[in-house]
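Sharing a model that was predicted from the sequence below.
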Amino acid sequence: MAKVLVIVPFPLNEKNLAQRAAQQKAAKFGPDISFDYRPVRAAPSNYVSHHDYLLADLGMLEAGLSAQDDGYDAVCIDTMSDSGVNALRSVLDIPVFGPGRLSFLTALMLGEKFSVLSMWDGWRGLYTKTLAELGLAGKCASIRSIGIQPDNRNLLAGKEDEVHPLLYEAAMKAIEEDGADVICLGSTTMHESHAYLRQRLPVPIINPGPLSYKIAEAVLGLGLTHSRKAYPKPLVQKDALYHIMLDAAAEAEGADPA
């Protein structure tokens, strides 16, 4: 049985963590793979600046440092920012996957150009950073948002009737006005809108979280992992330092996750 650790980018209680785990229902998996969800111990309030990106990288790295020793066969990062992916690849031999990079690369297997469908403009920097790293800015037809600040803990609960039509309208503009062949949901927190949009849009729409799980399943089945040439190990690995930093951060943030 292959075990995959999914690292959730916020300190969450059991109810909110279950909403994240519900992403699994959107894809079919074989009987020989399972997923566990682990929240970080401290995080930025949201992902809108380089200040936030740095804190996110630290939190995700610390949460995943023990994944290999804990018996996991792969790690998936539950945020389109791909926070901590590169750092974790440098210290883990098991494969590590981020849904941002996977979404954009998969979109180009399904069409010529894609658009990112986002909740608000505050997340734009997450997408442009990954697009620049991949050299794919020219393949992104547009980044469209609906101008609603997201709730990273309760997701879309209770707001579906308001949010879903706005997402559909923005997606159709990306298709008809911007020339998108494929739509990428801009956050794993938007997974609750995927079924609604898939039934209505005339092009494929990528659900980033479940995509990363399926890619993990496929890569494990093929016996592959990331290249050590691309992601060299540190000369001196300082896990204790990260744990001390996050101990202090978690204490400063408070013990009870929202």
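Arrived safely. Numbers count the residues shown, from 1 in each chain.

Tell me which stretches of the stretch 151-258 of the chain form strands.
For the stretch 151-258 of the chain, the strands defined by DSSP state E, counting those that start in this stretch cover 182-185, 205-206.

Oops, could you answer that again for the stretch 1-150 of the chain instead?
For the stretch 1-150 of the chain, strands defined by DSSP E, counting those that start in this stretch occupy the ranges 2-8, 33-39, 74-77, 96-97, 114-118, 140-145.

So for Leu201, which of the ones you listed sits nearest?
Between Leu201 and the strands of the stretch 1-150 of the chain, the shortest gap by CB to CB is with strand 114-118, which sits at 9.6 Å. (Glycine included, C-beta is placed from N, CA and C.)

counting contacts, what elements does the closest one pack onto?
Helices and strands touching strand 114-118, by 3 or more CB pairs under 8 Å, 6 or more residues apart in numbering; DSSP states H and E, are helix 99-110, helix 124-134, strand 140-145, helix 160-176, strand 182-185.

The second one packs against which elements?
Under the contact definition 3+ CB pairs under 8 Å, 6+ apart, helix 124-134 sits against helix 50-64, helix 99-110, strand 114-118, strand 140-145.

Could you identify which of the helices and strands packed on strand 114-118 is most buried?
Stretch with highest mean neighbour count among the helices and strands packed on strand 114-118: strand 182-185 (a mean of 27; mean count of other CB atoms under 10 Å).

Distance from that one to the middle of the chain?
From the chain centre to the centre of strand 182-185 is a distance of 14 Å (CA atoms, centre = their mean, to the nearest Å).
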